[in-house]
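*Asks:* Okay, sequence plus prediction incoming.
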2 protein chains.
Amino acid sequence: MPRPEKHVFICTQARPPGHPRSSCADHGCAGLYEEFLWHLQQRDLFAKVAVTATGCLGPCSEGPNVLVYPEGVMYAKVGKDDVAEIVEQHLVQDRPVERLLMTEEFWGRTA
Amino acid sequence: MPRPEKHVFICTQARPPGHPRSSCADHGCAGLYEEFLWHLQQRDLFAKVAVTATGCLGPCSEGPNVLVYPEGVMYAKVGKDDVAEIVEQHLVQDRPVERLLMTEEFWGRTA
């Protein structure tokens, strides 16, 4: 694999029902990883974009969480319906999707 | 959580014995994530450094793999004995550990 221009990290953390931190699984992250893979495959972006499923990324209450490096842009409450927009606008055109950005309370300021 | 200055991603992918791609679990990644947490706790670095366990990061044959963003430095064949050096030299002093860098064949050139 070449070094990717963008690396997308998708939380797939699950916790037991009623856990005080909740989890991205509890917030509906199932299928999100596969949705990213599908759109990247359709756009033939695997040479440019890597996708990795992860454990906890931090702000569990705001999940499903998706984090894009090297810019360190964290998205909150991402659903499968948001993936095409993230892929096209952010990963291809390099313009993060403002409406999905994690608040500064949970992730600090994005440079 | 504030936005971290460094984000360490540690592959914990397991695959069945004999799988053609092998896995970081097969190469001995067990305990690596906890080792990072221990050293970060000892150095009181949790406000500066985030650590996340991941699925596959790509170059399975070279694992255990550890990836540090935002710089996109990938380390190969990382053992628990290497963690203190990565924490002190890279995460604190911002000088990647040359002897552990993934080869360009598997990760391209580090900027």
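*Replies:* Happy to help now that I have it.

*Asks:* from here on, contacts and neighbour counts on C-alpha atoms
*Replies:* Fine.

*Asks:* now what about stretch A:35-48, what contacts it?
*Replies:* Outside of stretch A:35-48, the residues that reach it under the criterion Cα atoms under 8 Å, 6 or more residues apart in numbering or on different chains are A:1-6, A:49, A:51, A:80, A:83-84, A:87.

*Asks:* Report the two of those separated the most.
*Replies:* Comparing all pairs in the contacts of stretch A:35-48 by Cα to Cα, the longest separation belongs to A:Pro2 and A:Lys80, at 26.8 Å.

*Asks:* and the residue nearest the centre of chain A, bridged to which residues?
*Replies:* With distances taken as Cα atoms, centre = their mean, the residue of chain A nearest its centroid is A:Val66 (1.8 Å). Taking DSSP bridges, one finds A:Ile10, A:Tyr75 as the beta-bridge partners of A:Val66.

*Asks:* What separation is there between it and B:Val68?
*Replies:* Noted for A:Val66: a distance of 17 Å to B:Val68, by Cα to Cα, to the nearest Å.

*Asks:* and what of A:Asp82?
*Replies:* Applying Cα to Cα, the value for A:Asp82 to B:Val68 is 27 Å.

*Asks:* Looking at these two, which is more packed in?
*Replies:* Of the pair A:Asp82 and B:Val68, B:Val68 is the one with more neighbours under other Cα atoms under 10 Å in any protein chain shown, namely 23 against 15.

*Asks:* Report pLDDT for the more buried one.
*Replies:* Reading off the per-residue confidence, B:Val68 sits at a pLDDT of 98.

*Asks:* now the one 4 residues further on
*Replies:* The pLDDT attached to B:Gly72 in the predicted structure is 96.

*Asks:* Kindly report the same for the one 10 residues further on.
*Replies:* The per-residue pLDDT reported for B:Asp82 equals 98.

*Asks:* Identify the residues contacting A:Val68.
*Replies:* For A:Val68, the set of contacting residues under the criterion of Cα under 8 Å, 6+ apart consists of A:6-9, A:74.

*Asks:* Buried among these? Make that a ChimeraX selection.
*Replies:* A single ChimeraX command suffices to select whichever of the contacts of A:Val68 are buried according to 16 or more other Cα atoms under 10 Å in any protein chain shown:
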select /A:6,7,8,9,74
